[in-house]
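Student: sequence first, then the predicted structure:
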Amino acid sequence: MKLTDFIEMKPITRGWSKEKKFYVSKEDGERFLLRISPLETYEKKKVFFDKISQVAKLDIPMSKPVEFGICEQGVYYFETWIDGEDAKDVIPEMTGKQQYCYGLKAGEILKKIHSIPAPESLEDWSSHFNKKIDRKIEKYIQCPIKFQHGDEIISYINQNRYLLNKRPQSFQHGDYHIENMMVQNEELVVIDFGRYDYGDPWEEFNRIIWTADVSPLFASGMIRAYFDGCPPIEFWRLLALYIGNNTIASICWGNFGQSDLETMLGYAQRFYSWYKGMTILVPTWYYDGFS
């Protein structure tokens, strides 16, 4: 395809990505999402295209890769256009059981995504993630902004680092939560694999705080489907570690203004409350399923 093939091209400004995004349509009615990145990102984007093409073969509902190449503006990447509604907007309007059932679907999809193995050459997970913890805690210590219960969260993290030992690794979506999902023709669709990575598959739940804030039932269903029922206690211990690590890091993230900082501090407080001051392992929003 060429950019001149399209009769309509509208910029999309939503999201955190620095790449340029457009809605484009052809005369025959075909529609796509077009992403354009600087030419120097060619190799990185090619690897991304190849990897997402592998994910698409799992036959999961997602925005699928169509074409990749170079144009005058840089590196282009076409993917199928999802003509649906944002899940974060429509899921909360559903009945409780419907929210839970859509969450079950999200968990089933995630399990498929994690079926792609990580390269054998990857660093041991415990070594890799402990370095990440060290960096984030040090940055928090040096940061002038503090969360009033930050020391308690750090204490929990340090006491549970041993759980990182011998954890398996797999392909990860990288940003798996309800804001990267849509509902199209009553089907849940996953979008935006731009932060894909490899790591402990359970770490992928570290963004569930965003999902649970929108729909606790959806978040609960996601976990229940992923584990075919009740997850092991080790999962809950690691989940608190992973979310706690993200929480500490987000407070000192330098890419936002005052309103975003207040949002992050608000989520930190909710996280702390959901775990009743780090005294329980299963967050208060979790629901163990419909009979």
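Tutor: Arrived safely.

Student: my guess is residue 24 contacts residue 30. True?
Tutor: No - Residue 24 lies out of contact with residue 30 (CB atoms under 8 Å); the separation is 9.0 Å. (C-beta placed from N, C-alpha, C; glycine too.)

Student: look at those two and report which has more neighbours.
Tutor: Neighbours were counted for residue 24 and for residue 30 using other CB atoms under 10 Å; residue 24 has more, 19 against 14.

Student: the more buried one belongs to a helix, doesn't it?
Tutor: No - Residue 24 is assigned strand when assessed by DSSP: H, G, I helix; E, B strand; the rest coil, not a helix.

Student: from residue 78, how far out is it?
Tutor: Taking CB to CB, to the nearest Å as the measure, residue 24 falls 8 Å from residue 78.

Student: can you get me a residue count around residue 167?
Tutor: 18.

Student: residues contacting it?
Tutor: Neighbouring residues of residue 167 by CB atoms under 8 Å, 6 or more residues apart in numbering: 125, 126, 200, 202, 238.

Student: now for these, which pair is the farthest apart?
Tutor: Greatest spatial distance in the contacts of residue 167: 126 and 202, 13.3 Å, computed using CB to CB.

Student: so between these two, which is more surrounded?
Tutor: Neighbour totals were compared for residue 126 and residue 202, and residue 202 leads with 23 against 16 (other CB under 10 Å).

Student: for the least confident helix or strand in the chain by mean pLDDT, the distance to its chain's centre please.
Tutor: Counting by mean pLDDT, DSSP states H and E, the chain has its least confident helix or strand at strand 6-12, which shows a mean of 83. Its chain's average C-alpha position is 27 Å from that of strand 6-12, according to CA atoms, centre = their mean, to the nearest Å.

Student: who does that strand pair up with?
Tutor: With DSSP bridges as the test, strand 6-12 is paired with strand 20-26 (antiparallel).

Student: so the residue nearest the centre of the chain: helix, strand or coil?
Tutor: Centrality entry for the chain: nearest residue to the mean C-alpha point is residue 175, 1.6 Å, by CA atoms, centre = their mean. What three-state DSSP gives for residue 175 is coil.

Student: which stretches of the stretch 1-150 of the chain have low pLDDT?
Tutor: Along the stretch 1-150 of the chain, segments meeting pLDDT under 70 span 1-4, 14-18.

Student: 90 - rerun?
Tutor: Low-confidence segments of the stretch 1-150 of the chain (pLDDT under 90): 1-21, 23-24, 26-30, 71-73, 83, 143-146.

Student: so how many other residues sit close to residue 139?
Tutor: As a burial measure, residue 139 scores 15 neighbours (other CB under 10 Å).

Student: which residue packs closest to it, ignoring adjacent ones?
Tutor: Leaving aside its sequence neighbours, residue 139 sits nearest to residue 252 (CB to CB, 6 or more residues apart in numbering; 5.2 Å).

Student: quick one: contacts for the one you found?
Tutor: Residue 252 is in contact with 139, 140, 142, 143, 145, counting by CB under 8 Å, 6+ apart.

Student: now do it, the pLDDT please.
Tutor: According to the prediction, residue 252 has pLDDT 80.

Student: need the contact partners of the host helix or strand of residue 262.
Tutor: If you go by DSSP states H and E, residue 262 is part of helix 258-274. Residues from elsewhere that reach helix 258-274 (CB under 8 Å, 6+ apart): 145, 147, 149-150, 152-153, 209-210, 212-213, 243-244, 247, 250-251, 253, 256, 278, 283-285.
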